[in-house]
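Chemist: task: produce atomic coordinates for the following.
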Amino acid sequence: MPTHPQEPDRAASDPVVPVPEGAGRPPREDLPRPGPPRSEAGNGEPGPDAAGPARAEDEYTTAIRELEDRWRRALADLDNLRKRHARELERERAVERSRTAAAFLPVLDNLELALTHAGADPGAVVEGIRAVRDQAVNVLELLGYPRHAETGVAFDPARHEVVGVVQDPDAPPGTVVQVLRAGYGDGERQLRPAAVTVAKRE
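Modeler: Just a heads-up that it's a prediction; the model follows:
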């Protein structure tokens, strides 16, 4: 007589619960597993949100260091530029002083020549000194400082310095009657104003 495997005793009224398909099977390899989020590139590294504040702080620190480095370099460049400008300015001043002094060397030579002939004819000495004076005036004019010793011109406070007021019926009031000391230069390049006496106003 054939035998059948014995089944466990159960009540006839117990319902039979169907077992879901796949229950009790190992998980499939092609399905995603729970865990930290992956980057979109799929390289297994955490996404940008997983970095947190630490990465942003590192970026800010790097940016600040770069700015500080650029600031220090700019300060060093400015200091070098200031020093180079000071050296160039001093060199230009030295060149200008040398040029001015060289322009007056012929004047000194003529003065020494006039002194060597001081015992000669007094008239010749006077003429020689006058020629040296004219030469010096010409040098100053070439350097940008023309001489002003005109009389009969209207008083100009920018060019004249009044040292006296005189009564002169032949001169219009407010005009220069006499120049006591010549002036040199004009405007911002004025060495000094001319010292003059002016006709008195009525």
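Chemist: scan the chain for its longest helix.
Modeler: Once the chain is assigned using DSSP state H, the helix that runs over the most residues is helix 53-116.
Chemist: give me the mean pLDDT for the next helix or strand after that one.
Modeler: Downstream of helix 53-116, the next assigned helix or strand under DSSP states H and E is helix 122-142. Across helix 122-142, pLDDT averages out at 87.
Chemist: show me what helix 122-142 is packed up against.
Modeler: Here helix 122-142 touches helix 53-116, strand 147-148, going by 3 or more C-beta pairs under 8 Å, 6 or more residues apart in numbering; DSSP states H and E. (C-beta placed from N, C-alpha, C; glycine too.)
Chemist: run through who's touching the shortest one.
Modeler: Among residues not part of strand 147-148, those counted as contacts by C-beta atoms under 8 Å, 6 or more residues apart in numbering are Val137, Leu140, Glu141, Arg159, Ala182, Gly183, Tyr184, Ala194.
Chemist: ok, which pair from these is furthest apart?
Modeler: Val137 and Arg159 (16.5 Å; C-beta to C-beta).
Chemist: hang on, the earlier thing: could you identify the buried members of the contacts of strand 147-148?
Modeler: Among the contacts of strand 147-148, those buried by neighbour count (16 or more other C-beta atoms under 10 Å) are Val137, Leu140, Arg159, Gly183, Tyr184, Ala194.
Chemist: dig out what the fifth one forms beta bridges with.
Modeler: Assessed by DSSP bridges, Tyr184 has beta-bridge partners Arg147, Arg192.
Chemist: how close does it sit to Ile129?
Modeler: To Ile129, Tyr184 is 19 Å away according to C-beta to C-beta, to the nearest Å.
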